[in-house]
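**Student:** Predicted coordinates and the sequence they were generated for:
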Amino acid sequence: MKKIAFTSVVLALMVLLLGTNSGCKTYSLNDVGTMPDSVKTVRVNFIENRAPYVNPQLSPSLTDRLKQRITSQTRLTNTSSDNAHWDINGSIVDYSVITTGVQSNNGRQQTTINRLTVTVRMTLFRQLENKTEEFEVSRSFDFSATRSLQAAESALLDDMVRNLTDEIFNRIFSNW
C-alpha cells in the first residue's frame, strides 16, 4: 500500500513539474502554413532535365510524385490552366557522381564509395500576388563503387524521387 501511495505522489509531482516547466516547448510542423485561403489551384509543370548527364526516368517520376503529393496533402486542385493561382516550374540542373571513399589495397588506391548528387532548381510563381520565388534543392546518394552508375540509378531512383519531392514540398508549403 505504501508503495502505491509513494508511486502516486512521485507521479503527481512529475506531472506538476512538467506542466509548469516554462522551458518545455511543443514543436509541430505547420503543413501548408504559407498558403493563403484565396489560393485554390496549382499547376505543376514538367520538371525538365537540363543536367549534362540525363537519367531519363527521373524527370517524369519527380514531376508525377510532386503532383501527387500536392493534391493528396493540400487543398489545392491541380490544373493545366495558364491562370493557376500557383505555377510551379523546375529543372534538374546537376546530376553528377564523385568519389567519396578510397581504400588502399597493396599500395594501390581503390574507389569504394561513389556519391551521386542531384540538384533541382525550382520556380514558384504566385499569380495572385504577382510574386516569383526561386530556390534549389540538392540531395546526395551514396553507392558502392562496385556497382555501375546504371545499376545504382535503378536502386536509388525511389529514394531520389521521395527525398527530392519532400525537399521541394517542404520549401513550398511549410513554415520552416
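**Tutor:** It's in. This is a predicted model, so every value here is computed, not measured. Numbering: from 1, shown residues only.

**Student:** what about the helices in the chain?
**Tutor:** Secondary structure of the chain by DSSP state H: the helices cover 2-20, 58-73, 149-173.

**Student:** For the last one, name the packing helices and strands.
**Tutor:** Using 3 or more CB pairs under 8 Å, 6 or more residues apart in numbering; DSSP states H and E as the contact criterion, the elements in contact with helix 149-173 are helix 58-73, strand 86-105, strand 108-126, strand 131-144. Backbone N, C-alpha and C define where each C-beta goes, glycine included.

**Student:** can you tell me which of those comes nearest to Thr165?
**Tutor:** helix 58-73 (4.6 Å; CB to CB).

**Student:** quick check: angle from that closest one to strand 108-126?
**Tutor:** Calculated by axes from the mean of the first three to the mean of the last three CA atoms, to 10 degrees, helix 58-73 forms an angle of 50 degrees with strand 108-126.

**Student:** How far off centre is helix 58-73?
**Tutor:** Distance of helix 58-73 from the chain centroid (CA atoms, centre = their mean, to the nearest Å) equals 12 Å.

**Student:** Also stretch 140-149?
**Tutor:** Stretch 140-149 sits 21 Å away from the centroid of its parent chain (CA atoms, centre = their mean).

**Student:** what's the answer for stretch 68-79, then?
**Tutor:** Mean C-alpha position of stretch 68-79 versus that of the full chain (CA atoms, centre = their mean) differs by 16 Å.
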